[in-house]
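In: here is a sequence with its predicted model. Questions after.
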Amino acid sequence: MAAKTDRVALVTGASSGIGEAAARALVGAGFTVYGTSRRATTGEKRGDVVFLPLDVTDDESVADAVREVLDRSGRIDVLVNNAGLGVAGAAEESSLEQARALFETNLFGSIRMTRAVLPHMREQRSGRIINVSSIVGLIPVPYMALYASSKHALEGYSESVDHEVREHGVRVLLVEPRVHQDLVRRESRYRGHTASGLRPTTQDRRRRTCRRPEGRRRAIDRRPRHRRRRHRRTPEAQIPGR
């Protein structure tokens, strides 16, 4: 018999960065928190977070992780889709292999997790799915075409699903952090698992240009001028019990 707890959260990619911070914040808010990592062992505890092994690119791994949480706690109130990869470089020098690997994690990984928890959230008539996007999912920047497109796709998916499930008491929310150190680490892991990379000389030169203030200003000035309707932060869109 599963031990019932009041509020349960599942955070993917919780071993470092935003995922780790989110897991700690949810613990502080009174949640029973399960974190995932590809190299975790089932049931290991890191502080007050129970870790589970998970590869979001694998259907069976996703099903096993969600089943483990339900067997242990009986419910899932919050899912934080944070697991992801990062890459930067000129679009013309990026391979389709890189694009597929990036989308498999950043987009399809979140879709797999969402599909796995939605039936349970609909049954309990409540739940929040928080997808970690990026500011470049809202405002594209040069030399991040693959990463930006994966996050734009995630935003479209999130906003559409939110309209589908809100009548069942479930909401899908987006978080759009700016470029941060966690993204740099994700890019390093991505490069380590990819056969074809960008040419260092071209990439490094262009990245240095964008790091300079005048380079950043030029990039911002060239971005498309458009406005998109965003979610407003309303009481019903907040984490249950907060």
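Out: Happy to help now that I have it. Numbering: from 1, shown residues only.
In: quick one: the helices in the chain, in order.
Out: Here the chain has its helices, by DSSP state H, at 17-28, 59-73, 96-106, 108-124, 145-165, 181-192, 200-211, 213-222.
In: rank the ones you listed by pLDDT, which is bottom?
Out: Note on the helices of the chain: lowest mean pLDDT is at helix 200-211, with a mean of 40.
In: name the residue closest to the centre of the chain, please.
Out: The residue lying closest to the centre of the chain (CA atoms, centre = their mean) is N82, at 2.9 Å.
In: correct me, but that one touches V11?
Out: Yes - assessed by CB atoms under 8 Å, N82 is found in contact with V11 at 6.2 Å. For every residue, glycine as well, the C-beta is placed using N, CA and C.
In: shared neighbours, those two?
Out: Between them, N82 and V11 share the neighbouring residues 19, 22, with contact defined by CB atoms under 8 Å, 6 or more residues apart in numbering.
In: hang on, isn't T36 packed against D64?
Out: No - if you go by CB under 8 Å, T36 and D64 don't touch, sitting 10.7 Å apart.
In: look at those two and report which has more neighbours.
Out: T36 (30 against 16; other CB atoms under 10 Å).
In: just list the residues touching that one, thanks.
Out: With CB under 8 Å, 6+ apart as the criterion, the residues that contact T36 are 10-14, 51-54, 65, 83.
In: what bridges to the closest residue to L54 other than its chain neighbours?
Out: Ranked by CB to CB, 6 or more residues apart in numbering and with sequence neighbours excluded, the top spatial neighbour of L54 is T36, at 3.6 Å. Under DSSP bridges, the beta-bridge partners of T36 are L52.
In: tell me the contacts of the residue nearest to the centre of the chain?
Out: By CB under 8 Å, 6+ apart, the residues touching N82 are 11-14, 17-19, 22, 132.
In: ok, now with 7 Å
Out: Residues counted as contacts of N82 (CB atoms under 7 Å, 6 or more residues apart in numbering) are 11-13, 18-19, 22, 132.
In: can you check F51 too?
Out: Under the criterion of CB under 7 Å, 6+ apart, the contact partners of F51 comprise 35-37, 40, 44.
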